[in-house]
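**Q** here is my input; please provide its structure:
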Amino acid sequence: MGNHMRGLATPSRGAAEVAVWRGVTEAGAASPPHTHDHEEVLVVLAGSGSASLDDQRVEISPGDVIIVPPGRLHQLFGPEEGEPLDAIAVMPLGTRTFLPDGAELQAPWAE
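**A** This next block holds a predicted model:
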């Protein structure tokens with residue numbers, strides 16, 4: 001699929017309030033479009049790509065920060081070619097993720 005998530009701060013690692021995940025999106029890949037029931041903060045570490053928030057799409061690169069309000073449809077896209085997009089995602093522990101059809105997305109990396 002080309003979109004890989006790894007839990008850094010999760011309940012199984014002792015986190016009690018904040019979840020931190022690291023995501024790598026390979027060239028030509030994307031995360032599924034989704035929403036959360038809490039705010040998400042994304043910090044781009046390396047690589048480049050783009051992010052969409054509702055109908056607006058912007059190019060992103062290292063050092064960029066994207067703040068996604070609750071309920072806003074968003075998606076990350078890796079570059080067309082080259083180094084993958086590498087980012088950190090931070091949100092309150094227990095945040096739920098939903099696909100556009102309303103189905104809840106299970107996040108095994110969040111445990």
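
**Q** need the strands for the protein, in chain order.
**A** Applying DSSP state E to the chain gives strands spanning 3-9, 18-25, 35-36, 40-46, 49-53, 56-60, 65-68, 74-77, 85-92, 97-98.

**Q** show me the strands paired with the third one, marking each as parallel or antiparallel.
**A** In this case it means strand 35-36. strand 97-98 (antiparallel) (DSSP bridges).

**Q** over to the second one?
**A** For strand 18-25, the paired strands and their directions (DSSP bridges) are strand 3-9 (antiparallel), strand 85-92 (antiparallel).

**Q** distance check, the residue lying farthest from the centre of the chain against Pro108.
**A** For the chain, the largest distance from the centre (C-alpha atoms, centre = their mean) belongs to Gly14, which lies 21.0 Å off. Here Gly14 is placed at a distance of 18 Å from Pro108 (C-beta to C-beta, to the nearest Å). Glycine gets a C-beta too; all of them are placed from N, C-alpha and C.

**Q** contacts only, for Leu76.
**A** The contact partners of Leu76, by C-beta atoms under 8 Å, 6 or more residues apart in numbering, come to 3, 23, 25, 30-31, 42, 49-51, 85, 87.
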